[in-house]
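# Pasting a predicted model and its sequence here:
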Amino acid sequence: MHPALMHWEARDGCLQIGGQSLTRLADRIGQTPFFAYDRQLIAERVALLRRHLPEKLQLHYAIKANPMPAVVQQLRSLVDGFDVASAGEMLTALDSGVDPFNIAFAGPGKTDAELAQALAAGILIEIESEGELRRISGLAKRSGYPPRIAVRINPDFELKGAGMRMGGGPQQFGVDAESVVPLIELAAAEAVSLEGFHIFAGSQNLRADVIVEAQRKTVELALGLAERLPEPLRYLNIGGGFGIPYFPKDQALDLSRVGDHLRAVVNEVGARQPRARLVLELGRYIVGEAGLYVSRVIDRKQSRGQTFLVTDGGLHHQLAASGNFGQVIRRNYPIAIGNKFMAEPTEIASVVGCLCTPLDLLGDRCELPVAEVGDLVVVFQSGAYGLTASPTAFLSHPAPIEVLV
């Protein structure tokens, strides 16, 4: 069995989620495809983080990973704050009842309307350019709302082994590290108080040694620049980047090693900048393994010796599983026939969606039990960057349901 499937249970041969069988959940929802997220697994993942991370480190959830309101509402009582990347995500965060003080807004293309909303809400805006700082200053003067500002820094190092690089070299994200000091001086001239910094080098990393090294460099850079601030450092977001295992050879992140290092980080920041709130921002690591994408087999066909299971789902809902969301070499996400979860694999079949493109491939030549029309195909590791990271309007099929169970 794929290692990512080990924490899922079966009863009478059927996959269980949220304490009920997949087939009963499908009947309750009344249609396929759908995404289902297990609230207990989400809570257990946050509890695991709390056991390994130092108490003084604040844990934020990056809403972009999964902005379903019910998921955000559940996490409201489990994490210390939210990170948002649009006005829509900001409203979802505010609707949860979280204190606006604990919401941070990042993104390279914030409009004046979004910035005005953030100012009115009183959330922290992580600026990504000199132009954005000047716009915020002007909006604040016109509205009378005091701005809360941090600088997102594009570091002069990379997170090696990251699934997606977000720092180092030329980037649309953040202010180049060597340009931060002039920006600090401009903020002072504009009478805008800077609370601190946000540094995020990359995402989806499974190597604890690489994450530890990136965190060490992040703190060195931030504490050095903090000496140029006119006021003590009050906020430092060291990013996240914790990965989850998608493929058979992937090894789960050694969280204990990362946690041990973060205790040293907390102590160092506390000694040099005692007023600073230290924030770890995680999205995929919190929700990714708690979600399933479920579609139904609507046809079974043979083509020149190859078996195809045609489903009513596809890349328009779960783009990442099709390999078209950052994979250089396509590999299968863990996949199973949910209502035959404990059955031995007896055939090789490819699972495809309902779209008119050869890119619509959910599983290429998978070892599966024989599946018939009506069976439920499950794509695991679908709790993050699923529905809202997919081209749902492609070919105008209806949107899937999302449920938290």
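Received, thanks. Small disclaimer: the values here were computed from a predicted structure and weren't measured.

# give me phi/psi at D299?
Main-chain dihedrals, D299, degrees, to the nearest 10: phi -160, psi 150.

# Find the nearest non-adjacent residue to it, please.
Excluding the flanking residues, the one nearest D299 by Cβ to Cβ, 6 or more residues apart in numbering is V310, at 4.0 Å. In short, each C-beta sits where N, CA and C put it, glycine included.

# which of the residues in the helix or strand where the one you found lies are buried?
Secondary structure assignment for V310, by DSSP states H and E: strand 306-311. If you call a residue buried by 16 or more other Cβ atoms under 10 Å, then strand 306-311 has these buried ones: T307, L309, V310, T311.

# do the same with stretch 94-101
Burial within stretch 94-101, assessed by neighbour count using 16+ other Cβ under 10 Å, is assigned to L94, S96, V98, P100.

# OK, contacts around Q171?
N154 (Cβ atoms under 8 Å, 6 or more residues apart in numbering).

# And what about it, helix, strand or coil?
Under DSSP: H, G, I helix; E, B strand; the rest coil, the three-state class of Q171 is coil.

# Residue ranges in this protein under the pLDDT threshold?
The chain contains residues with pLDDT under 70 at 1, 158-170.

# now with 90?
The model of the chain has pLDDT under 90 over residues 1-7, 155-174, 191, 193, 200-204, 248-249, 324-330, 342.

# residue contacts, the residue nearest to P100 when sequence neighbours are not counted?
Of all residues not flanking P100 in the chain, G122 sits nearest, at 4.4 Å (Cβ to Cβ, 6+ apart). Contact analysis of G122 by Cβ under 8 Å, 6+ apart lists P100, F101, Y145, R148.

# Apply 10 Å and report the result again.
L94, D99, P100, F101, I103, Y145, P146, P147, R148 (Cβ atoms under 10 Å, 6 or more residues apart in numbering).

# circling back: wait, the residue nearest to D299 touches L361, no?
No: applying Cβ atoms under 10 Å, one finds V310 not in contact with L361, separated by 11.2 Å.

# got any residues that touch both of these two?
By Cβ under 10 Å, 6+ apart, V310 and L361 have these common neighbours: S350, V351, V352, G353.

# Which element, helix or strand, includes S350?
Going by DSSP H and E, S350 is in strand 347-352.

# Please name every helix or strand in contact with that strand.
strand 291-303, strand 306-311, strand 335-337, strand 361-368, strand 376-379 (3 or more Cβ pairs under 10 Å, 6 or more residues apart in numbering; DSSP states H and E).

# Can you add distance to A276 and give those strands back as a markdown table?
Converted to a markdown table, the helices and strands packed on strand 347-352 look like this (distance: least, Cβ to Cβ, whole Å):
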| stretch | distance to A276 |
| --- | --- |
| strand 291-303 | 34 |
| strand 306-311 | 49 |
| strand 335-337 | 44 |
| strand 361-368 | 45 |
| strand 376-379 | 41 |
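
# Relative to V269, which of the ones you listed is closest?
strand 291-303 (33.3 Å; Cβ to Cβ).

# neighbouring strands for that closest one, and are they parallel or not?
strand 34-37 (antiparallel), strand 306-311 (antiparallel), strand 376-379 (antiparallel) (DSSP bridges).

# related to what we said a few turns ago, can I get the contacts of G122 in a markdown table including distance to A201?
Listed next are the contacts of G122 as a markdown table, based on distance: Cβ to Cβ, whole Å:
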| residue | distance to A201 |
| --- | --- |
| L94 | 29 |
| D99 | 28 |
| P100 | 27 |
| F101 | 26 |
| I103 | 22 |
| Y145 | 32 |
| P146 | 31 |
| P147 | 26 |
| R148 | 24 |
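
# Okay, and which of those residues map to helices?
Among the contacts of G122, the members falling in helices are L94 (criterion: DSSP state H).

# just the contacts of G122 now: which is nearest R331?
Looking across the contacts of G122 and measuring by Cβ to Cβ, the closest to R331 is I103, at 35.5 Å.

# so the closest one bridges to which residues?
Applying DSSP bridges, one finds that I103 bridges with F82.

# ok, it touching I123?
Yes: using Cβ under 10 Å, I103 makes contact with I123 at a distance of 4.1 Å.

# L221 is in contact with F197, isn't it?
Yes: using Cβ under 10 Å, L221 is in contact with F197, at 8.2 Å.

# residue ranges for the helices of the stretch 201-350 of the chain, please.
208-226, 255-272, 284-287 (DSSP state H, counting those that start in this stretch).

# A113: which element?
Per DSSP H and E: helix 112-121 holds A113.

# Tell me the strands beside the helix or strand just after that helix, with direction?
Once the chain leaves helix 112-121, the next helix or strand it forms, by DSSP H and E, is strand 124-127. Here strand 124-127 has these sheet partners by DSSP bridges: strand 103-105 (parallel), strand 148-154 (parallel).

# for the first one, the distance to its chain's centre please.
Going back to what we said before, that points to strand 103-105. 15 Å (Cα atoms, centre = their mean, to the nearest Å).

# Identify all contacting residues around that strand.
Residues contacting strand 103-105 (Cβ under 10 Å, 6+ apart): 60, 62-63, 81-87, 89-90, 93-94, 96, 114-115, 117-118, 121-127, 148, 150, 152, 195, 198, 235, 237, 279, 281.

# what does the domain assignment say about this structure?
3-37+289-404, 106-282 (automatic domain parsing).

# Quick check: end-to-end length of the longest one?
The one in question is domain 106-282. Between the opening and closing residues of domain 106-282 lies a distance of 14 Å (Cα to Cα, to the nearest Å).

# Going forward, the N-terminal residue is numbered 770.
Renumbered: residue one is now 770, and that last one reads domain 875-1051.

# residues touching I918, list them.
I918 touches 893-896, 901-902, 905-906, 909, 956, 959, 961-965, 1004, counting by Cβ under 10 Å, 6+ apart.

# same thing but at 7 Å, please
Counting by Cβ atoms under 7 Å, 6 or more residues apart in numbering, I918 touches I894, I896, I905, A956, V961, S962, L963, E964.

# Could you find the closest non-adjacent residue to H771?
Of all residues not flanking H771 in the chain, P1103 sits nearest, at 4.1 Å (Cβ to Cβ, 6+ apart).

# list the contacts for that neighbour?
Counting by Cβ under 7 Å, 6+ apart, P1103 has contacts H771, A773, L774, F1149, Q1150.
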